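**Q** A structural model of the following input is requested.
(chains A and B)
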Protein chains: 2
Amino acid sequence: MKAELTILGCGSAMPSYGRFSASQVLSVRDKSFMIDCADGTLFRMREIAIKTNRLNHIFISHLHGDHCFGLMAVLSTLGLMKRTADIYIHAHPDLENLLQPHLRYFCNDLTYKIFFVPYNPLQSEIIYEDKSLTVTTIPLRHGIPTCGFLFKEKPQQLHIKRDMIDFYQVGIKDLNAIKDGKDYITNQGETIPNSFFTTPASPQKSYAYCCDTAYSEKIIPIIEGVDCLYHDATFAENEVLRAKKTLHSTAKQAATIASKAQVKQLLLGHFSARYPHVSVILNEAQTIFANSIIAEDKKTYTF
Amino acid sequence: MKAELTILGCGSAMPSYGRFSASQVLSVRDKSFMIDCADGTLFRMREIAIKTNRLNHIFISHLHGDHCFGLMAVLSTLGLMKRTADIYIHAHPDLENLLQPHLRYFCNDLTYKIFFVPYNPLQSEIIYEDKSLTVTTIPLRHGIPTCGFLFKEKPQQLHIKRDMIDFYQVGIKDLNAIKDGKDYITNQGETIPNSFFTTPASPQKSYAYCCDTAYSEKIIPIIEGVDCLYHDATFAENEVLRAKKTLHSTAKQAATIASKAQVKQLLLGHFSARYPHVSVILNEAQTIFANSIIAEDKKTYTF
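**A** You can find the predicted model right below:
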């Protein structure tokens, strides 16, 4: 699979220097998933023409305003656009009680349905599954119950060598068995090894979103080896005490997690409003984890 | 007085082409007033460094989301900034019931107080008054109860001719009477006409915000002669039927109101998402009212 991650906002609580607060869209196999939805997310979506026809699931990491205040505008506007497909909002159980009165008042004529799917933020569990991927919560260390999300592709079928399939005139039923790794038995009873027909499956891609968290090694077993890790990097190292106090991370802490979890790429985000430029964040992270890059609003990252 | 109006958003329900939905800040005599507060207003405020230390009153025209969904982000962030001065929100009575649960949940440690000041949207009345100006509601024609707002400076005192005051050695008490138009009586009992001491007061400035309204001549007596009228100009004339149906106005309708009310300047706004460029709106308005101009996000208009 090819995964595309578009950053709608990589700032922290106070939008600053062109950075909106937290929101992003992950597109995988023609499906899109929104992660967090700060104030202004609607504007960003329209600014960079985020397609919404395949966006059916919104994941909210926690109920601080800079991660969910944009929901009403997004949901209301999807109604104005005469959307008909359902929307599922995966969030802390409190969100439904908070939003329902607003939905009834402001959006009483929506053309589509909204379903709240509460998750338990205190344990890691699969909260979404379709034929190609799962989403697992990652409990984080923050001031209120907060989860990250692991998007992980399911194991894929083996690739087929078309010419060998044609040569042996393999039927549809056997073809699927071969894709799943089975050997092939001809009409004459001869066993042909699977490797005659296949090349290895594409690797399973994975993405972990760990925003708004203090340094926590507990997340390592869950995010181990992911292709891309988006991690809280609110502060540079000279603010390590502030990071501890506010339950956020420094760039070096993010990089340490990335290194220990042996992820392939670290995407640094959730920058404090004190940084007009975030090169200090990047430089500090790269001293520990070389493949660190900086998130930028409106930019799409492919992995 | 010098009034400065800064447009934070001049778009309609769907933010488009760089235009946020409705919000603006009027600064008069060192006080600032926010009018409407759409999603993303917080970002815009920080983007163009709107000062908030003298912003104590927010006026919400009606409870459609594109005029108030940004409130929570603004109120929450004012708390993060450790604001201590009270904020007053003038709005339809329903807003308090809608926002209080969110304020309790998301902003339970605010460093300042928020007061909801409901107004009756069905009648024109003074809803704010200080020593230098009044704010009067302007009931509009829209799908739900909606008001515009007239900001009007109070009559000012006459300007003093310093040299004449010195010549007659006028005391403080008499000076104030002279500023109010009284003649001066010397110790010898001689009456000196007020005009010896004064030049005319500066004219009373006034601004009317009439957003989200169908064509309505009922507003003319209230807005007559204002220095600047911000009027709904959602559509060009070829969409006049849509304007009627959605209870918005065309550019020509806005200009007709401006002309009949003999305002000094018409500022066109609330543009539909169908217009990447709004020159058609401007051109059509100017055929009826020459001093029509176009609102632009992030721009400040002085009058």
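
**Q** CA only for contacts and neighbour counts going forward, please
**A** OK.

**Q** Leaving out sequence neighbours, find the closest residue to the residue in the stretch 201-303 of chain A that chain B sits nearest to.
**A** Using CA to the nearest CA, the single residue of the stretch 201-303 of chain A nearest to chain B is residue A:273, 10.4 Å away. Residue nearest to residue A:273 in three dimensions, not counting chain neighbours: residue A:16, with 5.5 Å by CA to CA, 6 or more residues apart in numbering or on different chains.

**Q** close to chain B, is the host helix or strand of residue A:103?
**A** Using DSSP states H and E, residue A:103 sits within helix A:94-106. Yes - on the criterion CA under 8 Å from any CA of the partner chain, helix A:94-106 is in touch with chain B at A:98, A:101-102, A:106.

**Q** check contacts around the residue in chain A that chain B sits nearest to.
**A** Closest residue of chain A to chain B, CA to the nearest CA: residue A:40 (3.9 Å). Residues counted as contacts of residue A:40 (CA atoms under 8 Å, 6 or more residues apart in numbering or on different chains) are A:20, A:70, B:39-41, B:43.

**Q** By neighbours, which of the residues you listed wins?
**A** Among the contacts of residue A:40, residue B:39 has the most neighbours (other CA atoms under 10 Å in any protein chain shown), with 35 neighbours.

**Q** shouldn't it be in contact with residue B:21?
**A** Yes - taking CA atoms under 8 Å as the definition, residue B:39 is a contact partner of residue B:21 at 7.1 Å.

**Q** Are there residues contacting both of these two? Which ones?
**A** The contact sets of residue B:39 and residue B:21 overlap at B:66-67 (CA under 8 Å, 6+ apart).

**Q** roughly how far apart are the residue nearest to the residue of chain A closest to chain B when sequence neighbours are not counted and residue A:44?
**A** Leaving aside its sequence neighbours, residue A:40 sits nearest to residue B:40 (CA to CA, 6+ apart; 3.9 Å). Distance from residue B:40 to residue A:44, counting by CA to CA, to the nearest Å: 9 Å.

**Q** and what of residue A:271?
**A** The gap separating residue A:271 from residue A:44 is 18 Å, by CA to CA.

**Q** the more surrounded of these two?
**A** residue A:271 (32 against 23).

**Q** Count the residues that sit near the closest residue to that one other than its chain neighbours.
**A** Nearest-residue entry for residue A:271: residue A:234, 4.3 Å, with adjacent residues in sequence omitted and distances by CA to CA, 6+ apart. If you count neighbours by other CA under 10 Å, residue A:234 ends up with 34.

**Q** repeat for residue A:181
**A** Residue A:181 has 18 neighbours, counted by other CA under 10 Å.

**Q** Got the confidence number for it?
**A** At residue A:181, the model reports a pLDDT of 91.

**Q** Repeat that for the one 3 residues further on.
**A** The predicted local distance difference test score for residue A:184 is 92.

**Q** Repeat that for residue A:30.
**A** At residue A:30, the model reports a pLDDT of 86.

**Q** likewise residue A:85?
**A** 97.

**Q** pretty sure it contacts residue A:112?
**A** Yes - at 5.8 Å, residue A:85 and residue A:112 qualify as touching, with contact defined as CA under 8 Å.

**Q** what about the helices in the stretch 101-250 of chain A?
**A** Along the stretch 101-250 of chain A, counting by DSSP state H, counting those that start in this stretch, helices occupy A:162-168, A:172-179, A:220-223, A:240-246.

**Q** what residues does chain A put near chain B?
**A** A:13-18, A:20, A:39-43, A:46-47, A:63-66, A:69-70, A:72-73, A:76-77, A:98, A:101-102, A:106.

**Q** Identify those among these that sit within helices.
**A** If you go by DSSP state H, the residues of chain A next to chain B have A:41-43, A:46-47, A:72-73, A:76-77, A:98, A:101-102, A:106 in helices.

**Q** If I look at residue A:178, what pLDDT would I see?
**A** Per-residue pLDDT puts residue A:178 at 93.

**Q** Please report how far it lies from residue A:168.
**A** Separation of residue A:178 from residue A:168 (CA to CA) stands at 12 Å.

**Q** What of residue A:198?
**A** Distance from residue A:198 to residue A:168, by CA to CA: 13 Å.

**Q** Repeat that for residue A:15.
**A** Distance of residue A:15 to residue A:168, given as CA to CA: 62 Å.

**Q** And those two? Which one has more around it.
**A** The neighbour comparison of residue A:15 against residue A:168 (other CA under 10 Å) goes to residue A:15, with 28 against 13.

**Q** is it true that that one touches residue A:273?
**A** Yes - Residue A:15 is within contact range of residue A:273, at 6.8 Å (criterion: CA under 8 Å).

**Q** so who does the residue of the stretch 201-303 of chain A closest to chain B touch?
**A** Contacts of residue A:273 (CA under 8 Å, 6+ apart): A:11-17.

**Q** Show me just the buried residues among those residues.
**A** With burial judged by 16 or more other CA atoms under 10 Å in any protein chain shown, the buried subset of the contacts of residue A:273 is A:11-16.

**Q** Perfect, I'm done here.
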